[in-house]
Each structure stands twice: as C-alpha cells, then as structure tokens.
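1. Quick one: sequence and predicted model below, then my questions.
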Amino acid sequence: MNVPAAVLDTNVWLDWLVFADPVIAPVRAAVASGQLRLLGLARGRDELADVLGREAVRLQAEAARRRRGLANLPAPLAALAEFDALVAMRPAPPACGLLCRDPDDQCFIDLAITEGARWLLTKDRALLALARQARRRSGLEIVPPGGFREGPGL
C-alpha cells in the first residue's frame, strides 16, 4: 500500500515542534500510525533551523506553552532532531509550473507537486492562493493545518 505524503511549511513545523499547537494533533496521529509520511528539503530544514534560533520565536513559544500548561520548550537541536526523524528528505525538485508569489515558499509547492504529495499544510496566503490550481492539476490539497482533519480522508 502506498502511504500518502504531506509537505509542511516552516510555520506548520513550528506549530508542531515548538508551539505544541493542538490543531496539529491529527497530523501527528496520522504520522505516528504510519498512515502519513512527511517529505522535506534541505532548504526547508535550513530555514527551520534559522527560525528556531530566533529569540522572538523562543519568547512566543514559551508564552504559548505556559498558557497551555505544557512542558518547557524543546531545545532547537532537539526540535531539529525530531524533524530529522520524521521527514523523508528529498533532493531539490524542478519547478512544478505553479508560481508562488513568495519566492521563499516556491520550494514547498515544487516539492509537493513533484513528489505527488496529497497535502501541503500551510498558513501562508501565497501558498493557499494556489490551492484550486494545485487540486485541479495534481490532486494536491493545499490547506491550513486544521484542514487536514476536514480534508479528504486517508
């Protein structure tokens, strides 16, 4: 059986690894049960590593975790180790033909289309604007993290 794949953009990874956002729970459960695999790129990992090192992110995450009564923030290296354990890394893909307004986010749509992912989870408006074209062209669902639960079943 072919396990469906998803691509998560940097902000969704932050919600998973740092902010412990409960909206990610269905995605986490699908990955943990082997019903979903996650794809990534070195460029995306590098961006995540950069963002994890920012003081503003650390302060926001600490505040969010305190509000929810959660454990302390994982160290950036621990968060990257979790990313590495969860993600099947892929080589930089060719351009997929769908142009994202934000050049920094182009790699996520290129990866998802090239690898035949079923979902691209993002909160980025530039990527979400491509949802209809991506669905029509390749069946890719570009949705915010909460849309994974509401989207097509596994």
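-> Nice, thanks for sending it over. Because the structure is predicted, anything quoted here is derived from the model rather than measured.

2. For the residue nearest to Asp9 when sequence neighbours are not counted, give its distance to Leu59.
-> Excluding the flanking residues, the one nearest Asp9 by C-beta to C-beta, 6 or more residues apart in numbering is Thr122, at 4.3 Å. Where C-beta positions appear, they are placed from N, C-alpha and C, glycine not excepted. Between Thr122 and Leu59 the computed distance is 24 Å (C-beta to C-beta, to the nearest Å).

3. the more surrounded of the two?
-> The neighbour count for Thr122 versus Leu59, taken as other C-beta atoms under 10 Å, is higher for Thr122 (26 against 11).

4. right, and that one touches Pro144 too?
-> Yes. At 6.8 Å, Thr122 counts as touching Pro144 under the criterion of C-beta atoms under 8 Å.

5. which residues are common contacts for these two?
-> Each of Leu128 lies in contact with both Thr122 and Pro144 under the rule C-beta atoms under 8 Å, 6 or more residues apart in numbering.

6. coming back round to it: got the contact list for the residue nearest to Asp9?
-> Residues counted as contacts of Thr122 (C-beta under 8 Å, 6+ apart) are 8-9, 11-12, 105, 108, 128, 142-144.

7. Look through the protein and tell me its longest helix.
-> For the chain, the longest helix by residue count, based on DSSP state H, is helix 55-68.

8. Just the CA atoms of whichever helix or strand comes after that helix, as CSV, please.
-> Per DSSP states H and E, the first helix or strand lying C-terminal to helix 55-68 is helix 76-86. Provided in CSV are the C-alpha atoms of helix 76-86 (Å, rounded to 0.1, in the frame of the first residue of the first chain):
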residue,chain,number,x,y,z
PRO,A,76,16.4,23.9,18.9
LEU,A,77,18.7,20.9,18.4
ALA,A,78,16.1,18.6,19.9
ALA,A,79,13.4,20.1,17.6
LEU,A,80,15.7,19.6,14.6
ALA,A,81,16.4,16.0,15.6
GLU,A,82,12.6,15.3,15.8
PHE,A,83,12.2,16.9,12.3
ASP,A,84,15.1,14.7,11.0
ALA,A,85,13.5,11.6,12.5
LEU,A,86,10.1,12.3,10.9
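
9. I'd like the average pLDDT over helix 76-86.
-> Averaging pLDDT along helix 76-86 gives 86.

10. can you give me the angle it makes with helix 55-68?
-> 80 degrees (axes from the mean of the first three to the mean of the last three C-alpha atoms, to 10 degrees).
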